[in-house]
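K.L.:
structure of the sequence below:
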Amino acid sequence: EDDPNLKTYLAMSATMFAPRDASVAAQFYAPQFVSHDADAGGGGARTLTPAHFRKVYEGAKRTYGERDYHDDLILCAGPFLVVRVSMTYRMTGPLGAQPSTGRTAHTTAVDIFRFADGKVVERWGNNDGVGLLQQLGLQLPPAP
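P.N.:
Coordinates of the predicted model:
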């Protein structure tokens, strides 16, 4: 409970991740941070800014108008924090050219954050995007 990275993550989860509010991203992420995001396939490192979340969250809210988000497990080790989350989505809008199915899906994700000076400077992310698309009855995108 005294871990400063845990306190930052819990605030980030409550004010940014759960409500999908990108306006607070700069409070938690360094002006530039490295993302090793395998969520969309691949997994190469990219340098991003907190503004990146605005586009991501706006698209997610259009596609998944309803979402429930829970932290299942949080582990802290020095500058690193590992979290497993569970999410339940209801598809209320299109995903690319695919129309909304109105279906509900459940998925999990694991994120690893590295903190420096109280902010995220590096992130690794993996989620079950294939399982999500299958549950929603959507076509899988072509392999990268």
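K.L.:
averaged pLDDT, the longest helix seen in the chain. What do you get?
P.N.:
Counting by DSSP state H, the longest helix found in the chain is helix 52-63. Helix 52-63 shows a mean pLDDT of 88.
K.L.:
in it, what's buried?
P.N.:
Of all the residues in helix 52-63, those buried under the rule 16 or more other CB atoms under 10 Å are 52-53, 57, 60-61, 63. Yep, even glycine has a C-beta here, placed from its N, CA and C like the rest.
K.L.:
next SSE downstream of that helix?
P.N.:
The helix or strand immediately downstream of helix 52-63 is strand 66-77, counting by DSSP states H and E.
K.L.:
contacts for that next one next, please.
P.N.:
3, 5-6, 9, 13, 17-18, 20, 60, 81-90, 92, 108 (CB atoms under 8 Å, 6 or more residues apart in numbering).
K.L.:
now list the buried members of those residues.
P.N.:
Here the buried ones among these, as counted with 16+ other CB under 10 Å, turn out to be 5-6, 9, 13, 17-18, 60, 81, 83, 85, 87, 89-90.
K.L.:
where in the chain is pLDDT low?
P.N.:
Filtered on pLDDT under 70, the chain yields the residue ranges 38-43, 144.
K.L.:
residue boundaries of the helices in it?
P.N.:
Under DSSP H, the chain gives helices at 4-12, 25-28, 52-63, 129-136.
K.L.:
and the last one, which residues are buried?
P.N.:
Spelled out, that is helix 129-136. Buried residues in helix 129-136, defined by neighbour count with 16+ other CB under 10 Å: 129, 132-133, 135-136.
K.L.:
got the helices of the chain as CSV, with distance to Arg103 columns?
P.N.:
Output for the helices of the chain, formatted as CSV (distance: least, CB to CB, whole Å):
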stretch, distance to Arg103
helix 4-12, 29
helix 25-28, 29
helix 52-63, 12
helix 129-136, 5
